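A.B. asks: Here is a sequence together with a model predicted from it:
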Amino acid sequence: MTSSQPLVFPNAAAPVGENLESWYAVQTRARHEQAVAHRLRERCVTTFLPTVSEVHRWKDRKKVIDLPLFSCYLFVKLMPSNEDRQRVLRIDSVLGLVGAQGLGTPIPNEEIDAIRTLIDEQLPYSPHPFLKAGQRVRVRGGALDGIEGILLSCSAERKLVISVEAMQRSLAISIEGYDVEPV
């Protein structure tokens, strides 16, 4: 063997960057998330079902129950192929992949890692409506309570645009520190 020939190892891992698996969200029937996750793991599909523990009380007892963080959803790691999609979609109680035309939209690893960190570190959190720039929102609480406008940005410097459409004039105010909700 000469030094110009590459060495080939049959069990070598794929070079970095060739693993095209991505995370996808799967919508399930209500209260079927854990059963779907179990069935998928039986079929060698990598799953992530973030859960939160809650104490439920009945007349005669209390019990700690793990509930899905996102009701009716779990995450799977797949290659973006029809074969892998079908392996997931054929599971009972799966309604579909979340995304355009049922093909699923890949979720960045950073977003999954952020959820894992929140769960692993048991950091306090509360559900919040999904807001995006350009959406009409209403301020809740404080001096601006009840004011509606368009959310200009979702960054650290959140601004609200209040418009008088008849005059075609607008004002932008900082709403940092205020709670907002979608209208």
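C.D. replies: Everything's here; your move. Numbers count the residues shown, from 1 in each chain.

A.B. asks: domains in this protein, as residue ranges please.
C.D. replies: Following automatic domain parsing, one gets these domains for the chain: 22-120, 136-182.

A.B. asks: helix or strand for Leu74, which one?
C.D. replies: In the assignment (DSSP states H and E), Leu74 maps to strand 73-78.

A.B. asks: Buried residues of the helix or strand following that strand, list them for me.
C.D. replies: For strand 73-78, the following helix or strand on the C-terminal side (DSSP H and E) is helix 82-89. For helix 82-89, burial by neighbour count (16 or more other Cβ atoms under 10 Å) applies to Asp84, Arg85, Arg87, Val88. Using the backbone N, CA and C atoms, a C-beta is placed for each residue, glycine as well.

A.B. asks: contacting residues around helix 82-89?
C.D. replies: Tyr24, Val26, Leu40, Arg43, Val45, Val76, Leu78, Val94, Gly96, Leu97, Leu103, Gly104 (Cβ atoms under 8 Å, 6 or more residues apart in numbering).

A.B. asks: Show me where this protein has its helices.
C.D. replies: Secondary structure of the chain, counting by DSSP state H: helices at 33-42, 82-89, 109-120.

A.B. asks: and the shortest one with strand 73-78, angle?
C.D. replies: Orientation note: helix 82-89 sits at an angle of 150 degrees relative to strand 73-78 (axes from the mean of the first three to the mean of the last three Cα atoms, to 10 degrees).

A.B. asks: Could you tell me which residues within stretch 29-42 count as buried?
C.D. replies: In terms of neighbour count (16+ other Cβ under 10 Å), stretch 29-42 has its buried residues at His32, Glu33, Val36, Ala37, Arg39, Leu40.

A.B. asks: Local confidence estimate at the closest residue to Thr28 other than its chain neighbours?
C.D. replies: Here the nearest residue to Thr28 in space, its sequence neighbours aside, is Val36; by Cβ to Cβ, 6 or more residues apart in numbering that works out to 4.8 Å. With respect to pLDDT, Val36 has a value of 98.

A.B. asks: so Val36 touches Ser93, yeah?
C.D. replies: Yes: assessed by Cβ atoms under 8 Å, Val36 is found in contact with Ser93 at 5.3 Å.

A.B. asks: what residues are shared contacts of those two?
C.D. replies: Common neighbours of Val36 and Ser93, using Cβ under 8 Å, 6+ apart, are Thr28.

A.B. asks: thinking again about what came up before, could you tell me how far the residue nearest to Thr28 is located from Ile91?
C.D. replies: Taken as Cβ to Cβ, to the nearest Å, the spacing of Val36 relative to Ile91 amounts to 6 Å.
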